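Participant: What follows is a predicted protein model with its sequence.
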Amino acid sequence: MPYRRTERVIERLAARRDDILASARAVASAQGLAGVQIVPVAERAGIAAGTVYRYFPAKADLVAALLEQVSEQEVAAMAKAAGAAPGPLSGLAAAVTSFAGRALRQRRLVFAVLAEPVEPEIEAQRLACRRAITGVIEGCIKTAIATGRLPEQDVRIAADAILGALVEALIGPAASVDADPAKQRDAVQAVVLLVLRALGVVDARARGLVVQAPWPAEDAA
């Protein structure tokens, strides 16, 4: 009779995998993706390097899994923020604010996932992460256009430009955002206002949407 894993074994294996990813996330948050190597991650997780290899045969597999995890969490947070908003434009403002506020709390990690140079075998997963995030923004813009809140425009280009602006202005190497939470919020609101104006929202309406957009909760990052 072939061996079948019990539910307890499956849970234990899943928990070990989660621990490895948590360690990889901690390393990436401190050192970027370049620091995500099998041995340092194993040491942080308190396990042998061979154990990590059982779950992730190569560094590329580990980094790809980390990229997928981070992007899924950010996409879920953005979608939730947009879904809770009362209208299309407020949903767009909420989604962008959610991403920006969360990114500032995990600045090195999010920049690493979205923009840090990576090996060619990881680049496809990196692009998938970016597309997942811009996909949420695209959806919000399309809804606003369909309901007459925004003028017709190329939503793909608009979403890509918005993500680029957020990365460069808030978490990129040249970003000069202060560590003070109040100043971070001001910076995010300034960028969201820029985004809304660029998409065609009149200034007074854009300012109101920025002020009303909820700030992501501390435990949401």
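Facilitator: Done, it's in. Numbers count the residues shown, from 1 in each chain.
Participant: Quick check: which ranges of this structure have low pLDDT?
Facilitator: The chain contains residues with pLDDT under 70 at 1-5, 9, 219-221.
Participant: Mind checking which residue lies nearest the centre of it?
Facilitator: In the chain, the C-alpha nearest the mean C-alpha coordinate belongs to residue 74, at 3.9 Å (CA atoms, centre = their mean).
Participant: roughly how far apart are it and residue 203?
Facilitator: The spacing between residue 74 and residue 203, counted by CB to CB, to the nearest Å, is 29 Å. Heads up, the C-betas are built off the backbone N, CA and C, glycines and all.
Participant: residues of the host helix or strand of residue 69 that come out buried?
Facilitator: Taking DSSP states H and E as the definition, residue 69 sits inside helix 59-84. Buried residues in helix 59-84, counted by 16 or more other CB atoms under 10 Å: 59, 61-71, 74-75, 77-79, 81-82.
Participant: Show me what it is packed against.
Facilitator: Identification of packing neighbours for helix 59-84 by 3 or more CB pairs under 8 Å, 6 or more residues apart in numbering; DSSP states H and E yields helix 7-31, helix 38-45, helix 88-105, helix 107-114, helix 120-146.
Participant: of all the ones you listed, which lies closest to residue 189?
Facilitator: Distances from residue 189 to each of the helices and strands packed on helix 59-84 were compared using CB to CB; the minimum, 7.7 Å, belongs to helix 88-105.
Participant: circling back to that earlier point, which of the helices and strands packed on helix 59-84 sits most buried?
Facilitator: With neighbours defined by mean count of other CB atoms under 10 Å, none of these is more surrounded on average than helix 88-105, at a mean of 25.
Participant: angle of that one against helix 120-146?
Facilitator: Following axes from the mean of the first three to the mean of the last three CA atoms, to 10 degrees, one obtains 150 degrees for the angle between helix 88-105 and helix 120-146.
Participant: Using CSV, list the CA coordinates for helix 88-105.
Facilitator: C-alpha atoms of helix 88-105 as CSV (Å, rounded to 0.1, in the frame of the first residue of the first chain):
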residue,chain,number,x,y,z
PRO,A,88,-15.3,54.1,-8.4
LEU,A,89,-13.1,57.1,-7.8
SER,A,90,-12.9,56.6,-4.0
GLY,A,91,-12.1,52.9,-4.8
LEU,A,92,-9.2,54.0,-7.0
ALA,A,93,-7.9,56.4,-4.3
ALA,A,94,-8.2,53.7,-1.6
ALA,A,95,-6.4,51.1,-3.6
VAL,A,96,-3.5,53.4,-4.4
THR,A,97,-3.3,54.7,-0.8
SER,A,98,-3.4,51.1,0.5
PHE,A,99,-0.4,50.1,-1.7
ALA,A,100,1.6,53.3,-1.0
GLY,A,101,1.0,53.2,2.8
ARG,A,102,1.9,49.5,3.1
ALA,A,103,4.9,49.9,0.9
LEU,A,104,6.4,52.7,3.1
ARG,A,105,6.2,50.3,6.1
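Participant: So which elements touch that helix?
Facilitator: Packed against helix 88-105, as judged by 3+ CB pairs under 8 Å, 6+ apart, are the following elements: helix 59-84, helix 107-114, helix 120-146, helix 155-166, helix 181-199, helix 203-212.
Participant: Can you lay out the ones you listed as a markdown table showing distance to residue 93?
Facilitator: Compiled in a markdown table, the helices and strands packed on helix 88-105 are given as follows (distance: least, CB to CB, whole Å):
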| stretch | distance to residue 93 |
| --- | --- |
| helix 59-84 | 9 |
| helix 107-114 | 19 |
| helix 120-146 | 9 |
| helix 155-166 | 11 |
| helix 181-199 | 6 |
| helix 203-212 | 4 |
